[in-house]
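> need a 3D model of the following:
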Amino acid sequence: MAEPTKSRVAATQHEDQNQLIKQGAEARVFRGSLCGKSCIIKERFRKEYRHPTLDSKLTQKRTVQEGRALAKCRTLGISVPALYYVDITTSRLYIEDVDGETARDYLYQLDEAAPARMELAEQIGRAVGRLHANDLIHGDLTTSNMIRRPNAQLVMIDFGLSSITKMEEDKAVDLYVLERALDSTHPNSAPLFARILQAYRQNAGKQAKLVLKRLEDGLRDGKCEDRHDRGARASKTLIANAYVVASVSINLWSQLAGRKNGSMTEPVPSIHSNDLPPYIAIVSNTPLQPCHDALLRGAQGILALDGGANRLHQHDPQLKLTAIIGDFDSVLPATLDHYKRQDPPAAILHLQDQDSTDLQKALNFLQDTDRWSTVAQVDGLHRAAPATPAARWTVVVCGGLRGRLDHVLQSLNSGLMYVNTHRIVFRDQDCLAEVLPPGDHHLGLVRAVEGPHCGLLPLAGSARAVTHGLQWNLSDCDELEMRWGGLLSTSNRATGTHVRVTSSSALLWTIECT
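Predicted coordinates:
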């Protein structure tokens with residue numbers, strides 16, 4: 001075995017001394033020290049849904065990219081935390097622990113008429129303008145990613161999504177993200193954003209006029225959502241995700257197949273069971289059906305995927321939304337206005353990332369404990385929020401199995417990407433589908449609603465499975481390896497109220513519903 005590097009040994013030795021202060025979807029942030037100096041440690045962690053080699057390369061690339069962005073800002077005189085050290089082996093950045101409070105918290109303390117609000121807006125406009133004048137895109141411009149020092153200096157933080165580009169459209173998207181963040185976080189933010197744009201115009205260089213025109217003519221009217229190369233990006237996503245779930249080793253498969261029935265866990269309740277633990281409902285942009293009524297009413301929170309908000313509003317305008325998430329190329333202005341005026345108002349999360357679907361954005365949002373806890377507390381759902389980042393949500397997607405086939409397949413692909421993070425169940429009028437990770441599963445059925453016809457389909461590569469509770473059970477024979485282009489288990493029948501499945505790879509469990 002190769003000896004550990006000095007940096008990894010040092011990181012391990014000081015692990016217990018670091019204080020976790022935040023966890024997002026991409027990284028953990030600690031307060032610690034480097035050579036006796038207090039600092040912030042940002043550590044990117046492994047994504048279980050990605051192939052280890054691919055994950056390692058992406059993590060290292062983004063760590064270096066963020067470090068370079070901070071270094072470039074310091075060189076240009078833009079106020080950002082000092083970069084102390086970049087540790088590639090542990091995917092850690094050691095940066096200055098900036099004294100102060102976030103711009104978000106500072107604004108909350110001020111009256112709407114306070115001159116300090118406009119002073120801060122001008123600082124934000126100058127900072128973003130200087131970034132864009134040097135072709136730097138922040139990627140996540142929110143008032144939570146800005147710190148105001150005691151001397152009133154504004155410091156930009158969290159360049160984890162930063163990039164370098166000369167394109168006016170990308171710079172306009174950066175501004176649009178900021179506008180939507182202000183709109184969803186700070187009431188009556190229009191004057192603030194107007195002052196930001198005024199200062200931006202004076203500091204963004206030669207492209208300022210073109211960027212602002214692009215913002216006004218395209219993005220803010222909903223006519224342009226950064227769709228360039230969308231097909232190519234989707235292809236890259238699918239190729240990358242082909243590595244997501246590989247078959248486990250023969251040894252592990254032998255262990256799984258050799259387990260006795262008694263070692264299985266208690267049945268996981270059906271989504272139709274009264275014993276179902278607290279869950280989140282996600283409304284897709286497909287027509288809602290009568291089967292969704294009880295699921296929506298019983299949910300701890302409801303997230304709408306872009307145009308899914310239109311569907312919910314048409315189906316039952318009395319139901320309250322927790323948040324609307326997506327790139328907003330489908331949601332109607334009247335729908336947005338309706339949910340902004342509900343009590344409490346829905347969180348409006350306009351996310352421009354074109355490398356992920358709206359469903360992936362929502363599942364990723366549920367992982368971000370900092371952002372989720374803020375929305376959950378506003379909506380009175382703090383008791384439902386996971387206690388730790390490791391907690392698994394039960395997520396019921398209302399829809400997603402009807403309509404365009406490419407959309408259906410992408411929905412299942414999204415479920416596969418987050419199979420180790422959440423329990424994800426799709427429910428449509430005629431059937432239910434659940435993504436099962438590799439391992440043991442003991443599924444409870446409500447036979448008044450579910451069955452008898454069912455199926456098991458491999459989602460990535462081949463899969464071998466052992467089942468109990470079906471009319472035609474699968475055994476551990478080599479001949480019964482399931483794969484596309486070969487054997488698939490369809491039109492089987494559930495014989496009781498429980499089904500047990502042991503699988504070497506991720507599977508899609510489907511069962512008809514009435």
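
> the stretch 401-514 of the chain: helices as residue ranges?
Remark: helices assigned in the stretch 401-514 of the chain by DSSP state H, counting those that start in this stretch are 405-417.

> which regions of it sit below the pLDDT cut-off?
Applying pLDDT under 70 to the stretch 401-514 of the chain picks out residues 476-480.

> and with 50 instead?
Where the stretch 401-514 of the chain drops to pLDDT under 50, the residues are 478-479.

> hmm, R74 and L83 touching each other?
Yes: counting by C-beta atoms under 8 Å, R74 is a contact partner of L83 at 7.0 Å. Backbone N, C-alpha and C define where each C-beta goes, glycine included.

> the more surrounded of the two?
For L83 versus R74, neighbours defined as other C-beta atoms under 10 Å are more numerous around L83 (18 against 14).

> and P191, what element?
Assigned by DSSP states H and E, P191 belongs to helix 190-203.

> skip ahead from that helix and say which helix or strand is next.
The C-terminal neighbour of helix 190-203 among helices and strands, as given by DSSP H and E, is helix 208-217.

> now the helix ranked longest in the chain: how far from the chain's centre is it?
In the chain, ranked by residue count with DSSP state H as the criterion, the top helix is helix 52-76. Counting by C-alpha atoms, centre = their mean, to the nearest Å, helix 52-76 is centred 20 Å from the centre of its parent chain.

> per-domain residue ranges of the protein.
Domain ranges of the chain: 6-96, 101-221, 250-513, per automatic domain parsing.

> for the residue positioned nearest the centre of the chain, pull up the helix or strand it's in.
The structure's the chain has its C-alpha centroid closest to N364; by C-alpha atoms, centre = their mean the separation is 1.4 Å. Taking DSSP H and E as the definition, one finds N364 inside helix 358-367.

> restricting to C-alpha, output that helix in CSV.
Taking Å, rounded to 0.1, in the frame of the first residue of the first chain, the C-alpha atoms of helix 358-367 are listed here in CSV:
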residue,chain,number,x,y,z
ASP,A,358,-35.0,20.7,-12.7
LEU,A,359,-35.5,17.4,-10.9
GLN,A,360,-31.8,17.1,-10.2
LYS,A,361,-31.8,20.7,-9.0
ALA,A,362,-34.6,19.9,-6.5
LEU,A,363,-32.8,16.7,-5.3
ASN,A,364,-29.6,18.6,-4.9
PHE,A,365,-31.4,21.4,-3.0
LEU,A,366,-32.7,18.8,-0.5
GLN,A,367,-29.0,17.9,0.2
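
> residue ranges of the helices in the stretch 151-300 of the chain, please?
168-185, 190-203, 208-217, 230-241, 250-258, 293-298.

> ok so, going back, contacts only, for the residue nearest to the centre of the chain.
By C-beta atoms under 8 Å, 6 or more residues apart in numbering, N364 lies in contact with A25, S356, Y418.

> out of the residues you listed, who has the most neighbours?
Y418 (26 neighbours).

> how near is the closest residue to it other than its chain neighbours to G139?
Closest residue to Y418 apart from its sequence neighbours, by C-beta to C-beta, 6 or more residues apart in numbering: L363 at 4.5 Å. Remark: distance between L363 and G139 (C-beta to C-beta, to the nearest Å) = 20 Å.

> who's more crowded, those two?
L363 (26 against 20).

> can you confirm A304 is in a strand?
Yes: assessed by DSSP: H, G, I helix; E, B strand; the rest coil, A304 belongs to a strand.

> any low-confidence regions in the protein?
For the chain (pLDDT under 50), the answer is 1-14, 220-264, 369-370, 373-390, 478-479.

> returning to that earlier point: quick one: the residue nearest to Y418 from I280, how far?
From L363 over to I280 (counting by C-beta to C-beta), the distance is 10 Å.

> quick one: common contacting residues for the two?
With C-beta under 8 Å, 6+ apart, L363 and I280 have common neighbours V395.

> surely L456 meets I511?
No: the pair L456 / I511 is not scored as a contact, 10.1 Å apart, by C-beta under 8 Å.

> before we move on, back to that, residue contacts, the residue nearest to Y418?
Contacts of L363 (C-beta under 8 Å, 6+ apart): V395, S414, M417, Y418, T421, H422, I424.

> okay, now the closest residue to S503 other than its chain neighbours: neighbour count?
Distance criterion C-beta to C-beta, 6+ apart; nearest residue to S503, sequence neighbours excluded, is A465 at 4.4 Å. Applying other C-beta under 10 Å, we find 25 residues neighbouring A465.

> distance of A465 relative to T497?
Distance of A465 to T497, computed by C-beta to C-beta: 20 Å.

> rewinding a little: what sits up against the helix holding P191?
117-118, 121-126, 128-130, 132-133, 175, 178-179, 182, 186, 208-209, 212.
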